[in-house]
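[1] return atomic coordinates for the entry below.
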Amino acid sequence: MDRDDIKFWGTISNRIMEEANEVVKPLVGNPKADKIVKMGADGTPTKFIDLVAEEKVIEILEESERPVTLISEEIGEFKIGKGPSEVVFVVDPLDGTRNAIKNIPAYGISIAVADPMGASKLVKDPSQLIISDVEMGFVKNFATGDIYSAKKGNGAFLNGIPIKPSQKTDVSGSSIGAYIYRAEMSKIDKLLKTVRSMRILGSVAIELCYVADGTYDAFLDIRGNLRIVDISAAKLIIEESKGIVTDENCQSLESGLNVLDRTSIVASCNKSIHREIIEILGGI
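    Next up, the predicted model:
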């Protein structure tokens, strides 16, 4: 993307974050939000509040009047406009749905923007894109208004201010986040006996960004069932802050940008803690 494209799609992303927040706000803590309205493209139930957020995303992308492919949890892959897509939007319209329904203040939106041309200057089919093709990432916590953002090669930011991970190198004194629902608890138990504290907030995109700004020293989800749409933006934000992101076996994430690919993830503030956590989990 050239400078004009980055500015244009950045403006569109900011508009999506602002207007999706406005349509979600009346439903937070409202029993109506919890109603299942259909099955999403990823095979999980879509709640009414998810659908409202996604419809706003689609509305704004259609109003951009430029050809785009949207990859979203509920609708799957959705082409907007005529001709080859200029960009691919990978969106989780509401990360932390259960938190929003219960009015627990950790829920928001994740937006990743990938360039189908990239450095090769050859237009790729959106189905060929992988997570490392993401050029821009945005995560907004609707409850606090905080916005994490990154552009490839230009660092990571929280509300426009540069961020960096924690400098901690000793895992025994670390504070980490995790998603452990149906995880292999023997591995988690060993890690719990090592770290100082573990937090479970139920919003993967926001908790990954906590690694980028030093709130957490690490975050992990080792179920192997984590959706790529949930992490596409936050992965770029962590890497642009100079944090480390791999799967639980310390391999680079190369998953496709779609709603079906799944992965595990370990994100850490530096190589020292990253390697130690993966050793404890048995991945090295």
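[2] is Ile16 in a helix, a strand, or coil?
    Assigned by DSSP: H, G, I helix; E, B strand; the rest coil, the conformation of Ile16 is helix.
[3] need the pLDDT of it.
    As predicted, Ile16 sits at a pLDDT of 98.
[4] let me see the contact set for it.
    56-57, 60-61, 91, 109, 111 (Cβ atoms under 8 Å, 6 or more residues apart in numbering). Every C-beta, even on glycine, is put in place using the N, C-alpha and C of the backbone.
[5] now the residues you listed as CSV including pLDDT, secondary structure and neighbour count?
    Shown next, in CSV, are these (pLDDT from 0 to 100; DSSP: H, G, I helix; E, B strand; the rest coil; neighbours: other Cβ atoms under 10 Å):
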residue, pLDDT, secondary structure, neighbour count
Lys56, 98, helix, 21
Val57, 98, helix, 26
Ile60, 98, helix, 18
Leu61, 98, helix, 24
Val91, 97, strand, 29
Ile109, 98, strand, 30
Ile111, 98, strand, 26
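[6] farthest pair within those?
    Leu61 and Ile109 (13.3 Å; Cβ to Cβ).
[7] now for the helix or strand encompassing Lys140, which elements pack on it?
    Using DSSP states H and E, Lys140 sits within strand 134-141. Helices and strands touching strand 134-141, by 3 or more Cβ pairs under 8 Å, 6 or more residues apart in numbering; DSSP states H and E, are helix 3-24, strand 108-114, strand 147-151, helix 204-212, helix 228-240.
[8] count of residues packed around Ile58?
    Using other Cβ atoms under 10 Å, Ile58 has 20 neighbouring residues.
[9] and the strands in the stretch 51-200 of the chain?
    With DSSP state E, counting those that start in this stretch as the criterion, the stretch 51-200 of the chain has strands at 68-72, 76-80, 87-95, 108-114, 134-141, 147-151, 156-158, 161-162, 175-178, 197-199.
[10] now render those as JSON lines, adding distance to Val259.
    Compiled in JSON lines, these are given as follows (distance: least, Cβ to Cβ, whole Å):
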{"stretch": "strand 68-72", "distance to Val259": "6"}
{"stretch": "strand 76-80", "distance to Val259": "5"}
{"stretch": "strand 87-95", "distance to Val259": "9"}
{"stretch": "strand 108-114", "distance to Val259": "13"}
{"stretch": "strand 134-141", "distance to Val259": "15"}
{"stretch": "strand 147-151", "distance to Val259": "22"}
{"stretch": "strand 156-158", "distance to Val259": "25"}
{"stretch": "strand 161-162", "distance to Val259": "32"}
{"stretch": "strand 175-178", "distance to Val259": "23"}
{"stretch": "strand 197-199", "distance to Val259": "27"}
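[11] could you say which one of those comes nearest to Ala234?
    Closest approach to Ala234 among the strands of the stretch 51-200 of the chain is made by strand 134-141 (5.7 Å; Cβ to Cβ).
[12] give the pairing partners of that closest one; include direction for each.
    strand 108-114 (antiparallel), strand 147-151 (antiparallel) (DSSP bridges).
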